[in-house]
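Asks: Here's a sequence, model it:
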Amino acid sequence: MRNFKRIKTRKPAQSDYNAILRNDDQKWRQVVFAILNSTITFWFCVFIVLFIYLQKQLSFHFFYIEQEQLFLWSHTYWASVMMESAGLTRLLTEFCVQFFCIPCCGALIMSALFTFIGILTAGIIRRIAPKSNLFIFSLLPIVLLLYMHFDTNYFYRGTMAYMLMLLVMYGYCCISHITFRVIYVTVMGILLFWFAGSIAFLFVTCVFLWELISCFSRAYFFIIPLLAVTGLAIWSVYAQYVGDFRFVLLPDGYFTYQLRPNISIYFAWIYMFLLLIGCRLLCNRDNIRIGRRLVEIGFQFLLIVVAFFFGMDKFANRNSDFYKELDYYMTTEQWDQIIERCSGETKNYLYKCCLNVALAEKGELSERMFAFDQKGIQSIYVPWNRVPHISVLLSDIYFSMGHIAMAQRMAFEANESIPPIGGPRMYKRLIQTNLIFGAFRVAEKYIDLLEQTKYYKEWANEQRRFLWDDEAIANDSLLHIKRMCIPKANMLSEKMGLHLDLEQIAKQNPSHQATIQYVGAFYLLTKDISLFKDFIEAFYGTEVLPELPKSFQEAAVIAYEMEPSVWEEMGVPASVIQRFNEYKRQILANNANTAALSGLLKRSFGDTYWYYYMFK
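Replies: Next up, the predicted model:
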């Protein structure tokens, strides 16, 4: 039998074990740091992409939203809000939105909020289904929530509430003991309902669903928080704290109450149920190969890209984007920007009204009005329909006209329509109009209010110098000229008609040229030549209308076409008469081609009143 030599093995020394442990510890730390660094990099990239997109697409929307709320730095205000249903989310949202008046700040804050929502979603997935490979799906709620952020009727506190729900859900995922879980979910469900609103119902329903599909035998314990939140919802409706069950059980509570939200408001809620089901199906699967993992990640990315582009096209409300831009220029009095942006044709009367306010503020309404697309009286004045943004626009229009009483009324109506307490822009208008009327005590009340804000307190404090000081108002260029527009008769109801009210204001204050320009524009846009004749015969050559501007000259040529001798009396220059004769010659030359006549004349005479009178 062959002899085998016994091989002696050296017992490793303690130092060798320590070295191995150190190497393993270093490798483990390298893996952890690699995962951590890759996660941080991923979410930082998400934040940057979101910021660029939001700044490009929603910059004017953020300014618009900021003007529809007022956050007061007052303990009394904070306490009163916190006592309301969903008060915490309202307070947090208003605190954030107040910074939207700073350029880029809206995109910065919302990008951070959306990114945190994605991080919390990823954390929940990692806690309940670490092997599911659904990490990329944590981006989907960001996309689904983003749909609603283009709609001015959506309350941003709905997104804040969603973030709080995810935060509470993550805490639930970190608790292992069943008793503590039930207590936690019950208590947090009640607190969520009070501080965040209907999102509490989503939270307790998701928890019940997860327990139902993961451990059916103990799921009945979680009927307790579900019943608690449902009971609170029923009580709040019957106690008339809320008008309808959909406001306490559905995301409708985060939308303007008078309107029905788009179906897209439900998508982020439905996503939570589908995510939990997907995590349960994939939580116990074996480790998968790297190739399949990459394929699954690629599929998730593809689905998110499709959801983004298809959803933005179908569900995002982009109809008011241009108006929000014009509204920002109106707020900041950037008249040249408005004129430049409205240089083309448009069928939207709101755009035309903004344009004509800009022209009037620059003293160019009666000179350049028909160089732009005009159509009817609604180009300078739209009917009031009690909608907040129409009230705001009408307040601007009336203030530009010099009709201070109606400007004040529309500002008040706008603030009454903007929940919960109005917006800073119209409070500024109320301060101005009350100072103009000499209602100093009322003006002081609004000054006190704006002095409690962060970004309007300085402006409000400057207005204090006008309180009970008529001499200071007389030395202010804006308030003085607007005060001179106040007629002796009460014209709040417009019983005589807006054009007659404006004629009285023009007589009262001839130096406010925008008023008389609006009067003339009223007659020209309605094509009422007989009233226009009465108008210029009454005012031409007076202090109110010492000379006729361009559009008035062109209208005078039509009004006195059968009396050309009057043209010279009205100061119509020879160049205007010569151009009118050329206009008539081209009409007669192309009379047989009536279909193309408008297009032929537009190239040479599209900026004249004659073209508007004949073709619009």
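
Asks: now this structure, which segments are flagged as low pLDDT?
Replies: 1-37, 489-496, 592, 594-595 (pLDDT under 70).

Asks: separation between Ser551 and Arg127?
Replies: Counting by Cβ to Cβ, to the nearest Å, the separation of Ser551 from Arg127 is 70 Å. Every C-beta, even on glycine, is put in place using the N, C-alpha and C of the backbone.

Asks: Which one of those two is surrounded by more residues?
Replies: Neighbour count, other Cβ atoms under 10 Å: between Ser551 and Arg127, Ser551 has more, with 24 against 14.

Asks: by contact count, what packs against the one helix or strand that one maps to?
Replies: Ser551 belongs to helix 550-559 when assigned by DSSP states H and E. Using 3 or more Cβ pairs under 8 Å, 6 or more residues apart in numbering; DSSP states H and E as the contact test, the elements touching helix 550-559 are helix 365-368, helix 513-525, helix 529-539, helix 565-569, helix 574-589, helix 609-615.

Asks: Show me the domain layout of the protein.
Replies: Domain assignment of the chain by automatic domain parsing yields the ranges 42-314, 501-616.

Asks: close enough to count as contact, Tyr162 and Ile117?
Replies: Yes. Counting by Cβ atoms under 8 Å, Ile117 is a contact partner of Tyr162 at 6.6 Å.

Asks: quick one: common contacting residues for the two?
Replies: Common neighbours of Tyr162 and Ile117 are listed as 141, 145 (criterion: Cβ atoms under 8 Å, 6 or more residues apart in numbering).

Asks: on that earlier part again, quick one: the helix holding Ser551 to helix 529-539, angle?
Replies: Note on geometry: by axes from the mean of the first three to the mean of the last three Cα atoms, to 10 degrees, helix 550-559 and helix 529-539 are set 120 degrees apart in direction.

Asks: Just name whatever secondary elements the host helix or strand of Val204 is in contact with.
Replies: Counting by DSSP H and E, the element that carries Val204 is helix 199-214. In terms of contacts (3+ Cβ pairs under 8 Å, 6+ apart), helix 199-214 is packed against helix 157-173, helix 178-196, helix 223-238, helix 267-282.

Asks: Format the ones you listed as TSV; extra columns: distance to Ile48 and mean neighbour count.
Replies: Converted to TSV, the helices and strands packed on helix 199-214 look like this (distance: least, Cβ to Cβ, whole Å; neighbours: other Cβ atoms under 10 Å):
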stretch	distance to Ile48	mean neighbour count
helix 157-173	19	22
helix 178-196	29	19
helix 223-238	38	17
helix 267-282	22	18
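
Asks: Give the burial count for Ser417, as a bare number.
Replies: 18.

Asks: likewise Met369?
Replies: Other residues close to Met369 by other Cβ under 10 Å number 26.

Asks: Ok, Ser85 next?
Replies: 19.

Asks: mind checking how far the helix holding Ser551 is from the chain centre?
Replies: Distance, stretch centre to chain centre, for helix 550-559: 41 Å (Cα atoms, centre = their mean, to the nearest Å).

Asks: Not counting its own residues, what contacts it?
Replies: Contacts of helix 550-559 (Cβ under 8 Å, 6+ apart): 366-370, 520-521, 523-524, 529, 532-533, 536, 545, 548, 566-567, 570-573, 576-577, 580, 608-610, 613.

Asks: Please identify the most buried of the helices and strands packed on helix 550-559.
Replies: Of all the helices and strands packed on helix 550-559, helix 513-525 has the most neighbours on average by mean count of other Cβ atoms under 10 Å, namely a mean of 25.

Asks: So which elements touch that one?
Replies: If contacts are counted by 3+ Cβ pairs under 8 Å, 6+ apart, helix 513-525 sits against helix 349-361, helix 365-368, helix 388-401, helix 498-508, helix 529-539, helix 550-559.

Asks: Please produce JSON lines containing those helices, extended by distance to Gly171.
Replies: Conversion of these to JSON lines gives the following (distance: least, Cβ to Cβ, whole Å):
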{"stretch": "helix 349-361", "distance to Gly171": "47"}
{"stretch": "helix 365-368", "distance to Gly171": "61"}
{"stretch": "helix 388-401", "distance to Gly171": "38"}
{"stretch": "helix 498-508", "distance to Gly171": "60"}
{"stretch": "helix 529-539", "distance to Gly171": "71"}
{"stretch": "helix 550-559", "distance to Gly171": "67"}
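
Asks: Just tell me which of these ends up closest to Gly253.
Replies: Nearest to Gly253 among those is helix 388-401 (19.5 Å), distances taken as Cβ to Cβ.

Asks: what angle separates the following helix or strand past that closest one from helix 388-401?
Replies: Once the chain leaves helix 388-401, the next helix or strand it forms, by DSSP H and E, is helix 404-417. When the same axes, to 10 degrees is applied, the directions of helix 404-417 and helix 388-401 differ by 160 degrees.

Asks: Buried residues, helix 404-417. List them.
Replies: Residues of helix 404-417 classed as buried: 404-415, 417 (neighbour count, 16 or more other Cβ atoms under 10 Å).

Asks: Would you mind extracting the C-alpha trace of that helix into CSV?
Replies: Extracted in CSV, the C-alpha atoms of helix 404-417 (Å, rounded to 0.1, in the frame of the first residue of the first chain):
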residue,chain,number,x,y,z
ILE,A,404,-61.1,104.1,-10.5
ALA,A,405,-64.4,103.0,-9.0
MET,A,406,-64.8,100.0,-11.3
ALA,A,407,-61.1,99.1,-10.9
GLN,A,408,-61.6,99.0,-7.2
ARG,A,409,-64.7,96.9,-7.5
MET,A,410,-63.1,94.3,-9.8
ALA,A,411,-60.1,94.1,-7.4
PHE,A,412,-62.4,93.4,-4.5
GLU,A,413,-64.3,90.8,-6.6
ALA,A,414,-61.1,89.1,-7.6
ASN,A,415,-59.8,88.8,-4.0
GLU,A,416,-63.2,87.4,-3.0
SER,A,417,-63.0,84.8,-5.7
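
Asks: Mind giving me the packing neighbours of that helix?
Replies: helix 388-401, helix 424-437.

Asks: I'd like the next helix or strand past the last one.
Replies: Tracing the chain C-terminally past helix 424-437 and defining elements by DSSP H and E, one meets helix 440-450 next.

Asks: Can you give the contact residues for stretch 232-239?
Replies: 85, 190, 193, 198, 200-201, 242-245, 248-249.

Asks: Kindly reformat those residues as a markdown table containing distance to Leu294.
Replies: Listed next are the contacts of stretch 232-239 as a markdown table, based on distance: Cβ to Cβ, whole Å:
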| residue | distance to Leu294 |
| --- | --- |
| Ser85 | 47 |
| Ile190 | 44 |
| Phe193 | 42 |
| Ser198 | 39 |
| Ala200 | 39 |
| Phe201 | 38 |
| Val242 | 48 |
| Gly243 | 51 |
| Asp244 | 48 |
| Phe245 | 46 |
| Val248 | 44 |
| Leu249 | 41 |
